[in-house]
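K.L.:
A structural model of the following input is requested.
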Amino acid sequence: MDQTEVRDPLLSDRIMIDGNVTPVTLTTGGLLQWSEGKSQRRLEVEREVLGFSTEGSRIKIKAVVEDGGGICCVESRGTLMRKTFVLEPLSEVSLRVWCRNLQDYIDSLGRPKKLFILLNPFGGRKSASKIFIDEVKPLLEDANVEFMLQETKYQLHAKEIVQTLDLSKYDGIICVSGDGVLVEGLGPGFANVVLNGLLERQDWETAIKMPLGVVPAGTGNGMAKSLLDSVGAPCKASNAIFTVIRGHKCKLDVATIIQGETRCFSALMLAWGLVADIDIESEKYRWMGSARIDFYALQRIFNLRKYSGSISFVPAPGFEAFGEPCNQKGESTSHTCSPSHKEQIQQQGYQGPDVGLESLSWRKISGPFVSVWLHNVPWGGEDTMAAPDAKFSDGYLDLIIIRDCPRLSLLKLMTELNDGGHVKSPHVLYLKVKAFNLEPGPQTADRTKEGIIDVDGEVLARGKGTYKCDHKSLMTYDKLQITVDQGLATLFSPI
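P.N.:
Predicted coordinates for the structure are as follows:
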């Protein structure tokens, strides 16, 4: 905060606090300060105050403190706890002046006033309802934020809700769940629906500007972790909803995945090979909780599969040395058509970024592969920093490739996922790409068996002989194309 703003008083008065009359000052920069014995209490309204209420002649300032007692902001590493400070102006006139100035300053911050909240009571550990009641709702009430709560009742319910929601009534949509709800649309996961639902609306150009928020209450939580870790805050519901209340926003790249006439949208990641197999096939051990991932990872490493196939990509500047030049060109997504046809397309929703892929320089890497992993944000889960260099809105996807790796080295590599150390392994290729084509093939050891393509924790495509291969998936186990639209979506962000 600018020191001039800190020193420049907007309002100063003598007020009773804890039975003592003491000078209290509110500066133009939003610093509220007063004496407590021989020390000074300082509250930064923007970073520490949720809101306030009045009770008779008293003003109750609702703030957050770090668990342990000290005043903090969302950037601290501690869990946030609520704390109320009671100020009692000495006259009715003073009470009105203080209330007006406090409210005017809070209003000037551009915080959301009404939110639409989607809650998945079935996802993850089935704890979302309790998390909302215990950790989310009290902070929203302290901040005087109105909300409409909608629990989802069946698969893809959230998508249906978002596609018909009157967005003009709200300042943001909040997902209380894992990553499924933010991007749902493919399977039982919940969060993907909001992104896909907004982009499939006829008014998608307006709808996608709606700020989205994520409160971790599932087993994924990669988006919430990526946002909160960017300022060193813990991945907890209280920190996440305080981020929403403060109202800061950032842009988010959105990936469009196309296979023929079928398309879907992703905000988190795509995986094929080892990571996808672990993510999806470990569902059979869901009774083990989060330990199922580590348990099944060991099984897959010691019974390692490799997949034939190839990938081609448009590298970001600085990564042109990866792969070999190829003549393969992506299918153009440029939207050149007559006005009437363009209007018809717009009625079908967002079609992907307007990119002339055929004019770009493509590179190719052929298999076999152990794992191919595309990431849009740094964290794939609370304990998995998949892409340490990923940015929310740089216009690129981070590509992590493992082509061949001894089992013991692979085991060591997997243990380094918690801090991103795996990308330094000589067995890993790590680069950024603007566009990407995947041509998946069968397992090298048994060509009658294929693989799984996983998008944001849900099955996008299942090949022959895979886990639950009789279940329907959105796409087939065949060539697909991915392009990136820089900063298309908007997130509530801690900075």
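
K.L.:
mind listing the helices for the stretch 51-200 of the chain?
P.N.:
With helices called from DSSP state H, counting those that start in this stretch, the stretch 51-200 of the chain shows them at 92-108, 128-131, 137-142, 157-164, 179-183, 192-199.

K.L.:
tell me the mean pLDDT for the longest one?
P.N.:
Confidence over helix 92-108, taken as the mean pLDDT, stands at 97.

K.L.:
In terms of secondary structure, what does that helix contact?
P.N.:
The helices and strands touching helix 92-108, judged by 3 or more CB pairs under 8 Å, 6 or more residues apart in numbering; DSSP states H and E, are strand 9-17, strand 20-27, helix 45-48, strand 49-55, strand 58-66, strand 80-89. Yep, even glycine has a C-beta here, placed from its N, CA and C like the rest.

K.L.:
circling back: got a markdown table for the helices of the stretch 51-200 of the chain, with mean neighbour count and distance to residue 389 too?
P.N.:
A markdown table is the format used below for those (neighbours: other CB atoms under 10 Å; distance: least, CB to CB, whole Å):
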| stretch | mean neighbour count | distance to residue 389 |
| --- | --- | --- |
| helix 92-108 | 14 | 36 |
| helix 128-131 | 20 | 31 |
| helix 137-142 | 19 | 33 |
| helix 157-164 | 19 | 31 |
| helix 179-183 | 32 | 20 |
| helix 192-199 | 28 | 23 |
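
K.L.:
could you dump those to CSV with distance to residue 474?
P.N.:
Formatted as CSV, these follow (distance: least, CB to CB, whole Å):
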stretch, distance to residue 474
helix 92-108, 44
helix 128-131, 25
helix 137-142, 35
helix 157-164, 12
helix 179-183, 13
helix 192-199, 10
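
K.L.:
is it true that residue 429 touches residue 321?
P.N.:
No - using CB atoms under 8 Å, residue 429 makes no contact with residue 321, being 10.6 Å away.

K.L.:
Neighbour count: the two, which is higher?
P.N.:
residue 429 (17 against 8; other CB atoms under 10 Å).

K.L.:
what are the pairing partners of the helix or strand harbouring that one, and which direction each?
P.N.:
Assigned by DSSP states H and E, residue 429 falls within strand 428-443. Using DSSP bridges, the strands paired with strand 428-443 in its sheet are strand 307-315 (antiparallel), strand 397-402 (antiparallel), strand 480-492 (antiparallel).

K.L.:
Just list what the next helix or strand after it packs against, helices and strands only.
P.N.:
Next helix or strand after strand 428-443 toward the C-terminus (DSSP H and E): strand 452-455. Taking 3+ CB pairs under 8 Å, 6+ apart as contact, the helices and strands that strand 452-455 lies on are strand 269-273, helix 274-281, strand 458-462.

K.L.:
Mind doing that once more with 10 Å?
P.N.:
strand 249-259, strand 262-266, strand 269-273, helix 274-281, strand 371-375, strand 428-443, strand 458-462, strand 480-492 (3 or more CB pairs under 10 Å, 6 or more residues apart in numbering; DSSP states H and E).
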